[in-house]
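Chemist: Everything below, folded, please.
(one chain, ligands or ions: 1)
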Amino acid sequence: MAKSPGPPVGGTAVSRQAPGSARGRGLFITLEGPDGSGKTSQAARLAATLGAGGVDVVLAREPGGTELGERLRELLLHRDDLVIDPLTDAFLFNAARTQLVAEVIRPALAAGRTVVCARFADSTLAYQGYGAGLDLAILRTLEAIATGALRPDLTILLDLPVEAGLARKRRGRAALTRFESRVDVAFHRRVRDGFLRLARAEPERWRVIDAARPRSTVATEVTVAARSLLEARRGERERV
Ligand code: TMP
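Modeler: Below is the predicted model:
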């Protein structure tokens, strides 16, 4: 099993296969959604399910997944004493993203591995763009620079009403982030609406899943969406 390049969940190898079996570029799958939609646990479940089925998977999260990214995560999410302008947020989330793409995602995809990532660039569009009101065109330019124009093959939106998501987070054990402890329901509604708009604008990349249902039902649908993409890719390879 490959060594994780960063602490907790970042770049964690979850498959039992030896890494590096290069059979073309691997698949890049992201999970997005409002706070409390269950992305982190669904991403871990998906990676474990695919790994158990023999898919060579790397699990990552944003912000984080590298040594630098995890330090930025601490600054960005858990320091109530800091005042952070939305544009500064956009730069810092993208800085963490640049590092994750360079250190974890691109090498994994180049080795033919499947990357499952909890949040990616669409979160900046939803939170700093739709939520905090920054210009979407500027954010897309920053994104293209940060990612080198790398885009997910599949993005799963775990959608649920804002009140339900925030209530789940308050009941849970994880520390609330700066965005969750902000009791600005209107902000979170704009974020959710932003995700839904992004999904409608690019239906070939996004799958919207109702995350208000039991976790196991949601997990089954997430797995079906990922497997159908993997099978389609396998079919394309076999035809070549
Ligand atoms: P999470 O890992 O628990 O989802 O927390 C990440 C928080 O950071 C969440 O409230 C969304 C926010 N966020 C942004 O505002 N912009 C971003 O680009 C990313 C990746 C996350």
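
Chemist: Tell me which residues are up against the longest helix along the chain.
Modeler: Counting by DSSP state H, the longest helix found in the chain is helix 215-239. The contact list for helix 215-239, computed with CB atoms under 8 Å, 6 or more residues apart in numbering, reads 23-24, 27, 29, 31, 38, 41-42, 45-46, 49-50, 55, 114, 116, 153-154, 156, 158, 207, 209-211. Every C-beta, even on glycine, is put in place using the N, C-alpha and C of the backbone.

Chemist: can you tell me how far residue 178 sits from the ligand?
Modeler: Applying CB to the nearest ligand atom, to the nearest Å, the value for residue 178 to the ligand is 7 Å.

Chemist: For the residue nearest to residue 139 when sequence neighbours are not counted, grab the count of nearby residues.
Modeler: Leaving aside its sequence neighbours, residue 139 sits nearest to residue 129 (CB to CB, 6 or more residues apart in numbering; 5.0 Å). Other residues lying near residue 129 total 24 when counted by other CB atoms under 10 Å.

Chemist: Residue 129: what's it in contact with?
Modeler: Applying CB under 8 Å, 6+ apart to residue 129 gives the contacts 135-136, 139, 194.

Chemist: Buried ones among these?
Modeler: If you count burial by 16 or more other CB atoms under 10 Å, the buried members of these come out as 136, 139, 194.

Chemist: between those, which is nearest the ligand?
Modeler: Nearest to the ligand among the buried ones among the contacts of residue 129: residue 139, at 9.2 Å, using CB to the nearest ligand atom.

Chemist: Return the residue spatially closest to the residue nearest in space to the middle of the chain, with its sequence-adjacent residues excluded.
Modeler: Residue closest to the average C-alpha location in the chain (CA atoms, centre = their mean): residue 119, at 2.0 Å. Distances taken as CB to CB, 6+ apart put residue 62 closest to residue 119, at 4.2 Å, once the chain neighbours are dropped.

Chemist: How many neighbouring residues does the one you found have?
Modeler: Using other CB under 10 Å, residue 62 has 22 other residues around it.

Chemist: quick revisit: next step: the contacts of residue 129 restricted to strands.
Modeler: Within the contacts of residue 129, no residue falls in strands by DSSP state E.

Chemist: Quick check: next helix or strand after the helix or strand of the chain with the lowest mean pLDDT?
Modeler: Lowest by mean pLDDT, DSSP states H and E among the helices and strands of the chain is strand 12-13, with a mean of 64. Downstream of strand 12-13, the next assigned helix or strand under DSSP states H and E is strand 28-32.

Chemist: Pull the distance from that next one to the chain's centre.
Modeler: Distance of strand 28-32 from its chain centroid, counting by CA atoms, centre = their mean, to the nearest Å, is 5 Å.
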